[in-house]
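1. Pasting the sequence and the predicted coordinates here, then a few questions.
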Amino acid sequence: MTGNHRILLAARPTGNQVPGPANFTADTVPARPPGPGEALVETVYLSIDPAMRGWMSEGPGYSQAIPLGQPMMGGGIARVLESQADGLGPGDYVQARLGWQSHPTIPGKFLHKLDLSRGSMEDWIGPLGLSAVTAYFGLRDVGGLKPDDRVLVSAAAGGVGQIATQIARIEGCRVTGIAGGAVKCDFVRGLGAAAVDYRAEPDLAAAIRRACPEGIDVYFDNVGGPTLDAALANLRPGARVVLCGRISQTHSAEPYGIRNLDKFAASRGRMGGFLVFHYNARYEEARAWLAARIKDGSLTQKLHVLRGLDRAAGALGMLFRGENSGKLVVRVAD
Ligand SMILES: NC(=O)c1ccc[n+]([C@@H]2O[C@H](COP(=O)([O-])OP(=O)(O)OC[C@H]3O[C@@H](n4cnc5c(N)ncnc54)[C@H](OP(=O)(O)O)[C@@H]3O)[C@@H](O)[C@H]2O)c1
């Protein structure tokens, strides 16, 4: 009998605690054979995402907290082992909310079969995955991206940021990425953008001004807080600000108060927030566009791969400490 190894939520993070191994426990239970309409799958990759910190906590948020003692929620890619679900057979690859478990049994209606002619498994967890789809809709629909726009992206070396940086470059924009440290900034330059190292700059607004002397038409914000403020000080007339994420604020006791709204107003700017799930009816559009750019070689994604399901417990905190270099994933099975 196959065992289903699981990482369970044991304790909710409190206050400004960055989640880590102390919040989780592990067990192994027998894998459950699929009932009618279900499939037993083997998890191959799990995506590690900042939003998971919110899913662990009770309180205001866009999704209900994961119950204590249950597997941590998370999306990824799996191989079908046994199936009683229509259209799925052993050997098929699927994308789903698998949870942090090695061998979940899941209703077929929640399993999205992958077209491996469109991209490899690494493409599907990377530049065809939800981080990439987030960048696509954020820039295009929320940001109203146009060729020749001057675009600024924060957390530009990360999962969403590196795709946003490349989409803007592919669309003919002049792009600047903000990232932490010289190594990440070199990586951003390799994507065809200018780079600003926010960790090395005492005055980030001034550093952005030096990198973007004509100002910014589109700011794609993954970070919030003082980084958002510094970008607002550099907007061009008619600028669009895309509120994708605010990772710098996740653990702050007091939310940072934005100071440069007068400059935002003076620029006749627009600011828009979104969740990628708002676009789920249009994922196919994004994936067709992304797959074409992967095929012609203009779009790539650097993955930061941790091996073994037990690494997931320590992985989430890496995002908040900037320890990931690329889109962070856990490889569960070979
Ligand atoms: N709207 C949506 O539907 C949606 C969907 C997915 C993700 N998101 C958001 O997109 C953002 C990026 O997510 P991701 O999964 O791609 O993560 P990621 O960018 O791969 O990793 C997070 C990065 O954020 C940076 N960071 C962490 N703390 C910071 C701080 N205090 N100040 C400045 N930078 C900080 C770090 O990069 P450095 O080393 O460069 O500091 C870190 O590597 C997150 O805010 C996430 O919540 C939104």
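-> Ah, there it is.
2. What residues does residue 189 make contact with?
-> For residue 189, the contacting residues are residue 195, by C-beta atoms under 8 Å, 6 or more residues apart in numbering. For every residue, glycine as well, the C-beta is placed using N, CA and C.
3. pLDDT value on the residue of the stretch 51-200 of the chain found nearest the ligand, please?
-> Of the residues in the stretch 51-200 of the chain, the one nearest the ligand is residue 158, at a distance of 1.9 Å by C-beta to the nearest ligand atom. Listed pLDDT for residue 158 reads 98.
4. got the buried residues for stretch 90-101?
-> 92-96, 98-101 (16 or more other C-beta atoms under 10 Å).
5. and residue 142, how many neighbours does it have?
-> When neighbours are defined as other C-beta atoms under 10 Å, residue 142 has 22 of them.
6. Isn't it up against residue 274?
-> Yes - Residue 142 is in contact with residue 274 according to C-beta atoms under 8 Å; the separation is 5.1 Å.
7. Mind listing what's buried along the helix or strand bottoming out on mean pLDDT in the chain?
-> Lowest mean confidence among the helices and strands of the chain (mean pLDDT, DSSP states H and E): helix 52-55, at a mean of 94. For helix 52-55, a neighbour-count test (16+ other C-beta under 10 Å) marks 52-53, 55 as buried.
8. ok, the residue in the stretch 201-334 of the chain that the ligand sits nearest to to residue 131 distance?
-> Closest residue of the stretch 201-334 of the chain to the ligand, C-beta to the nearest ligand atom: residue 245 (1.9 Å). Using C-beta to C-beta, to the nearest Å, residue 245 is found at 11 Å from residue 131.
9. Mind listing the shared neighbours of those two?
-> residue 160.
10. ok so, going back, using CSV, list the CA coordinates for the least confident helix or strand of the chain.
-> Provided in CSV are the C-alpha atoms of helix 52-55 (Å, rounded to 0.1, in the frame of the first residue of the first chain):
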residue,chain,number,x,y,z
MET,A,52,0.2,30.9,2.0
ARG,A,53,1.1,33.0,5.1
GLY,A,54,-2.5,34.4,4.9
TRP,A,55,-4.1,31.0,4.4
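11. Show me what it is packed against.
-> Secondary-structure packing of helix 52-55 (3 or more C-beta pairs under 8 Å, 6 or more residues apart in numbering; DSSP states H and E): helix 312-321.
12. before we move on, back to that, pretty sure the residue of the stretch 201-334 of the chain closest to the ligand is touching residue 224, no?
-> Yes - counting by C-beta under 8 Å, residue 245 does reach residue 224; the two are 7.1 Å apart.
13. Neighbour count: those two, which is higher?
-> Neighbour tally, residue 245 and residue 224, criterion other C-beta under 10 Å: the higher count belongs to residue 245, 25 against 21.
14. Surely that one is within a strand?
-> No - Residue 245 is assigned coil when assessed by DSSP: H, G, I helix; E, B strand; the rest coil, not a strand.
15. who touches it in this structure?
-> Neighbours of residue 245 in contact, by C-beta under 8 Å, 6+ apart: 50, 155, 160, 221-224.
16. State the number of residues packed around residue 131.
-> 25.
17. Nearest residue to it in space, please, no chain neighbours.
-> residue 159 (3.9 Å; C-beta to C-beta, 6 or more residues apart in numbering).
18. The one you found contacts residue 318, doesn't it?
-> No - using C-beta under 8 Å, residue 159 is not in contact with residue 318; the gap is 11.9 Å.
19. Mutual contacts of these two, please.
-> Common contacts of residue 159 and residue 318 (C-beta under 8 Å, 6+ apart): 324, 328.
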